[in-house]
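K.L.:
Build me a model:
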Amino acid sequence: MRRSPPIEKWVKHREDFHLRYRPTGKNVRDVVLWGVAFPVFVYYLTVYQQARVWREPGGSERRGAARGPSSHPEPAPPHLVLPPAASQKEVDRLNGRPNTKYMG
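P.N.:
Predicted structure coming up:
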């Protein structure tokens with residue numbers, strides 16, 4: 001394999017970058033902005049939004065498990081009501097399984 005001197009120089013430069021790194025104003029600004037300020041902003045925005053949702057009328061019901069299940073659940077819509085459960089023999093017959101366990 002042929003080596004290219006410019007590529008080798010670039011690779012060496014990348015490998016040793018930590019030895020030559022010096023913080024500059026731009027580097028420090030980027031670290032403070034993206035490493036500290038942005039995560040803090042996202043955290044406080046999330047906390048604010050969550051608190052606002054909880055203060056809204058009906059917001060506590062939207063939290064779900066925080067207050068537990070409702071004592072008066074709404075009935076299921078008619079298209080979601082399941083028919084009565086079939087016997088295991090009927091289920092096996094519909095699925096094409098041999099009826100070995102429930103013989104008799």
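K.L.:
all helices for the chain, in order.
P.N.:
Ranges of helices in the chain, per DSSP state H, are 5-15, 17-20, 25-32, 38-55, 59-62, 88-94.
K.L.:
Distance to Pro75, mean neighbour count and mean pLDDT for these - can I get that in CSV?
P.N.:
C-beta: built from backbone N, CA, C; applies to glycine. Formatted as CSV, the helices of the chain follow (distance: least, CB to CB, whole Å; neighbours: other CB atoms under 10 Å; pLDDT from 0 to 100):
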stretch, distance to Pro75, mean neighbour count, mean pLDDT
helix 5-15, 65, 9, 93
helix 17-20, 65, 7, 90
helix 25-32, 55, 10, 95
helix 38-55, 26, 10, 88
helix 59-62, 17, 12, 57
helix 88-94, 26, 12, 75
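K.L.:
Could I get the ones you listed in CSV, plus columns for distance to Glu74?
P.N.:
As requested, the helices of the chain are exported to CSV (distance: least, CB to CB, whole Å):
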stretch, distance to Glu74
helix 5-15, 61
helix 17-20, 61
helix 25-32, 50
helix 38-55, 21
helix 59-62, 11
helix 88-94, 29
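K.L.:
so which of these gets nearest Pro77?
P.N.:
Across the helices of the chain, Pro77 has its closest neighbour in helix 59-62 (18.6 Å, CB to CB).
K.L.:
Roughly how far does Arg20 sit from Asn27?
P.N.:
13 Å (CB to CB, to the nearest Å).
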